[in-house]
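> Curious how this folds, go ahead:
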Amino acid sequence: MRHAIAAFLALLILAPARADDADTAKVYQDLIGCYVAYEQDKADSVVRGDPARGARRDAQIPALLVLLGQYGQSLGKKQADVQADMQAGMQAWTAGIASRTIDPASLAEKVAACEAWLKS
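Here you go, the predicted model:
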């Protein structure tokens, strides 16, 4: 997974963030949240024996990585910074599950919200 992330971030087309998004930092954090949700849902699909859902996430993650790179770049972040933020998001999810501040059942709702937001 790490190699795929590095490859997508390294291949970014240097495009500016969408002009209609006034708060680039918030959008960036929301994208991190969606990345975490997609990766967690992909892992959950393996556990639950739902390869179609895993394939859907595999298809969605590359475009999300491009957006993360673009918004990160507009915030002055380098590839390593974006990767660190993604890793921190994954760790925060795991810590939230362990401390029971995140309900694992909320994952489906988070994924659906991300899909709707990213389509808009």
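> Which element is encountered next along the chain beyond the helix or strand hosting Met86?
For Met86, the host element (DSSP states H and E) is helix 79-98. As assigned by DSSP H and E, the chain's next helix or strand after helix 79-98 is helix 107-119.
> Find the nearest non-adjacent residue to Asp41, please.
Spatial nearest neighbour of Asp41, excluding adjacent residues (CB to CB, 6 or more residues apart in numbering): Val111 at 4.9 Å. (C-beta placed from N, C-alpha, C; glycine too.)
> can you pull the contacts of the one you found?
Going by CB atoms under 8 Å, 6 or more residues apart in numbering, Val111 touches 37-38, 41.
> ok, now which ones touch the most centrally placed residue in the chain?
The centre of the chain sits closest to Tyr35, judged by CA atoms, centre = their mean, with a distance of 1.2 Å. For Tyr35, the contact set (CB under 8 Å, 6+ apart) comprises 61, 64-65, 68, 86, 89.
> what's the answer for Asp30, then?
Trp117.
> per-residue confidence for it?
The per-residue pLDDT reported for Asp30 equals 96.
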